[in-house]
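Peer 1: using only what follows, build the 3D model:
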Amino acid sequence: AAVGKRGDEGTAATFYRNEAVPTAPPGQCGEILCGPYSLIQGRLPGLRGTPTEGQAAVRKGYVARIQDGDDFFIALDAHAEWGHSF
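Peer 2: As a prediction, the model looks like this:
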């Protein structure tokens, strides 16, 4: 689903992944937790290369850019297991 005004092709946010908060604790996949990962993920053209504000621990409601690209996610729950990765 895209979010934006008509005629804004190439600048609208597109959401492509939605993983609900699990009803039971997720299992382990090696040293990390297996999904679902409690997030909504999308892409916002033009986000690449914008300044960052450090790397806070991911908490419920936080928005984080994935690496230095146009992809981002909104956390639907806290993710202490990810440390300060985003």
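Peer 1: closest to the centroid, which residue in the protein?
Peer 2: Phe73 (1.5 Å; C-alpha atoms, centre = their mean).
Peer 1: what's it sitting at in phi/psi?
Peer 2: phi -140, psi 160 (degrees, to the nearest 10).
Peer 1: thought it was touching Leu39?
Peer 2: Yes - look at Phe73 against Leu39 with C-beta atoms under 8 Å: they come within range, at 4.5 Å. To be clear about C-beta, it is placed using only N, CA and C from the backbone, and glycine gets the same treatment.
Peer 1: any residues in contact with both of those two?
Peer 2: Arg17 (C-beta atoms under 8 Å, 6 or more residues apart in numbering).
Peer 1: pull the distance from the lengthiest strand in the chain to the chain's centre.
Peer 2: As assigned by DSSP state E, the longest strand anywhere in the chain is strand 13-19. Mean-position distance between strand 13-19 and its chain equals 9 Å (C-alpha atoms, centre = their mean, to the nearest Å).
Peer 1: just stretch 63-74 next, same as before
Peer 2: Worked out by C-alpha atoms, centre = their mean, stretch 63-74 lies 6 Å from the chain centre.
Peer 1: buried residues, the longest strand of the chain. List them.
Peer 2: For strand 13-19, a neighbour-count test (16 or more other C-beta atoms under 10 Å) marks Phe15 as buried.
Peer 1: host element of the nearest residue in space to Arg59 that is not next to it in sequence?
Peer 2: Spatial nearest neighbour of Arg59, excluding adjacent residues (C-beta to C-beta, 6 or more residues apart in numbering): Ala78 at 4.9 Å. Following DSSP states H and E, there is no helix or strand that holds Ala78.
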